[in-house]
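Peer 1: everything below, folded, please.
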Amino acid sequence: MIIPSSGNNVSNNFILCPSLRLADTSQCDGGQYSTQKCKYDAGACVSLQRDYPDCDLEEIGNLFTKNDNPPVLGDGICDSARYNTDACGDENGDCILCNSMVSNKTLTGDETCHGGMHNSQDCNFDAGDCDTFNKKYPRCYIDAFDNMPTNEILAYVPIIGDGICNSGLYNNPDCGYEDGDCLFCNELIDNITKIGDGVCDGQDYMVEACGMDGGDCMGCLFPRLEM
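Peer 2: Numbers count the residues shown, from 1 in each chain. Prediction:
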C-alpha cells in the first residue's frame with residue numbers, strides 16, 4: 001500500500017488528493033478521498049468496497065468538492081445522505097439506528113433541518129443539518145425531544161426554517177417560534193397551542209402560512225371551513 005509522504009509534500013501517487021488527511025488509514029474517509037485518484041483513501045476504503053460492491057465510491061465521491069469536509073464511513077456517526085443508501089450499507093452502518101427511528105431516511109442530511117427524530121443525537125442532529133438551529137436555540141432541542149408525540153414519532157418531521165409553521169412542537173419562544181416560521185401564522189390565529197395538536201381547527205388555522213394547521217387539516221376537503 002502506498003501512503004502519502006509526511007510533511008507538506010504529497011507523493012506523486014496522491015498529487016490529485018485534497019490533502020494529507022488520507023494518511024490516516026485507520027478510517028475510510030468519503031468524498032474525493034474514497035475515489036481512485038486517492039487510491040480509495042490509501043486503501044482504507046477497500047473493506048467497504050468489498051462489503052458493498054454496489055456502492056459507487058467514484059460517482060458519489062465526485063459529488064463532493066475538494067474543499068468539502070467529507071464524512072467518515074463506519075465511525076458510528078450518520079453524516080451524509082449520499083452514502084445513506086442500501087447500496088452503501090447505510091453509510092457503512094453509521095445510519096442504521098437513525099434509519100430505524102425515522103420514516104424517510106432520504107431526508108437525513110439533505111441540507112434541510114427536519115425536526116422530530118431527525119433532530120436527535122442518534123441521527124447526528126439530521127446529519128448536521130440542524131446544527132445551526134440547535135446552536136441558535138439551545139433549549140429547544142431538549143424541550144422538543146421530551147414533548148415529541150409518541151403516537152406518531154416516526155412520521156413527525158416538521159421542516160424548520162422554510163417559512164411555513166409546520167408544528168406546534170417548535171412554536172414557542174425557546175425555539176424561536178420554529179425559527180421564525182410561525183411568526184406570521186401566530187398573528188392570524190387566537191391560540192398558538194392548537195397548531196399541530198392533532199385536531200383540524202379550520203378557519204385561519206387552515207392556511208399555508210400555518211401549514212394547514214400544522215398538518216392537522218391536510219386531509220380536509222373543504223378549506224377554511226369551521227370544523
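Peer 1: and the longest helix seen in the chain, what's buried?
Peer 2: If you go by DSSP state H, the chain has its longest helix at helix 138-146. Within helix 138-146, the residues that count as buried by 16 or more other Cβ atoms under 10 Å are 140-141, 144. For every residue, glycine as well, the C-beta is placed using N, CA and C.
Peer 1: output the helix or strand bottoming out on mean pLDDT in the chain as PDB - backbone C-alpha positions only.
Peer 2: Within the chain, no helix or strand scores below helix 138-146, which has a mean of 78 by mean pLDDT, DSSP states H and E. The C-alpha coordinates for helix 138-146 follow below in PDB (Å, rounded to 0.1, in the frame of the first residue of the first chain):
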ATOM      1  CA  PRO A 138     -30.000  25.600  22.800                       C
ATOM      2  CA  ARG A 139     -33.100  25.000  25.000                       C
ATOM      3  CA  CYS A 140     -35.300  24.000  22.100                       C
ATOM      4  CA  TYR A 141     -33.800  20.600  21.300                       C
ATOM      5  CA  ILE A 142     -34.200  19.300  24.900                       C
ATOM      6  CA  ASP A 143     -37.800  20.600  25.300                       C
ATOM      7  CA  ALA A 144     -38.900  19.400  21.900                       C
ATOM      8  CA  PHE A 145     -37.400  15.900  22.300                       C
ATOM      9  CA  ASP A 146     -39.200  15.500  25.700                       C
END
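Peer 1: tell me who's in contact with the nearest residue to Asp204 once chain neighbours are set aside.
Peer 2: Spatial nearest neighbour of Asp204, excluding adjacent residues (Cβ to Cβ, 6 or more residues apart in numbering): Leu188 at 4.4 Å. For Leu188, the contact set (Cβ atoms under 8 Å, 6 or more residues apart in numbering) comprises 204, 207, 209-210.
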